[in-house]
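Asker: how would this look folded up:
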Amino acid sequence: QLDRDWTVEVGSGYGTPLVWKSRVYQHARQGEEEVVLCLDRATGKTMWKNSQPVSFEIGGGGERHGKGPKSNPYFVHGKVFTYSITGTLTAWDAQTGNLLWHKDHRSQFDKPYPYWGASASPVADEKRVFVHFGGDEQGFLAAMEIESGRELWRQGRSGASYSSPLVVTLYETPQVIDWDHESISGVDIDSGRVLWDYPLPHRGTNQNMPTPAIYEGLVLVGGENRGLYGLKPKLEEGIWRVE
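Answerer: Residues are numbered from 1 along each chain as shown. Got it, this is the predicted structure:
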């Protein structure tokens, strides 16, 4: 039998709670604001709360989805990263809740976020945080310094999908696996150069939504109405190819 220790009303959204040691972090919507809550894991007491105004109008037919946010928060080096439903990235101090830096590229795109809203979650290695910014038609994968938010590189022009990037190592080569609006690719983590690429476009209702998984060097990815793919990137004599 399970006994409830505490319950807290956090708002609406799709984001998964993030647990780090004695704290729980939750990114959610309350009214016209996206809120980040830090709760004591043992008691549910609010340690800190911070928010930003995020107005959002979802694409027609998706009203029942709500206004998000749809991304999961990410913790690294004492910072919590959140990605709004409108496609902006924010770094928070995990201890105090202070806003550290903010990235908003919406002015660079005709449509700043995917039709149903941004749902890709940020991911990081020890130095950099990665997000694919943009809408359905235009976008780019970017690497930013964790501490300062300084952009280190950006790659491509393809629109964002609903899938989240992954940080992996294949053939001793650290890379970001990114499934955007047109294809799934492995991007060199230091330079932003595309190592390998496999066409798997988002067309009509065949949307690019699930996040790929890795098993023994095999990239597993499922597409709506397209079944399941097992892709095997290989490095042979300095050249990458995909089976």
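
Asker: Gly149 touches Trp92, doesn't it?
Answerer: No. Counting by C-beta atoms under 8 Å, no contact exists between Gly149 and Trp92, whose distance comes to 12.0 Å. Just so you know, the C-beta spots here come from the backbone N, C-alpha and C atoms, and that holds for glycine as well.

Asker: Which one's more surrounded, those two?
Answerer: Set side by side, Gly149 and Trp92 show more neighbours around Trp92, with 25 against 15, by other C-beta atoms under 10 Å.

Asker: From the rest of the structure, what touches the host helix or strand of the more buried one?
Answerer: Remark: Trp92 resides in strand 88-93, with elements defined by DSSP states H and E. Outside strand 88-93, the residues that touch it by C-beta atoms under 8 Å, 6 or more residues apart in numbering are 36, 50, 52, 78-84, 98-106, 122, 129, 131, 133, 144, 146, 149.

Asker: Inside strands: which ones of the residues you listed?
Answerer: Of the contacts of strand 88-93, the ones assigned to strands by DSSP state E are 36, 50, 52, 79-83, 99-104, 129, 131, 133, 144.

Asker: Selecting buried members of the residues you listed in PyMOL, what would you type?
Answerer: Entered in PyMOL, the line below selects the buried ones among those, by 16 or more other C-beta atoms under 10 Å:
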select buried, resi 36+50+79+80+81+82+83+100+101+103+129+131+133+144
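
Asker: Who's the closest spatial neighbour of Ser191, skipping the chain neighbours?
Answerer: Closest residue in space to Ser191, ignoring its immediate chain neighbours: Trp153 at 6.6 Å, by C-beta to C-beta, 6 or more residues apart in numbering.

Asker: In its sheet, which strands sit next to the helix or strand containing Val19, and in what direction?
Answerer: Per DSSP H and E, Val19 falls inside strand 18-20. Using DSSP bridges, strand 18-20 pairs in its sheet with strand 23-30 (antiparallel).

Asker: Now do the strand it pairs with: everything it contacts.
Answerer: Residues contacting strand 23-30 (C-beta under 8 Å, 6+ apart): 10-13, 15, 17-19, 34-41, 47, 51, 54, 66-69, 71-73, 75, 80, 82, 94.
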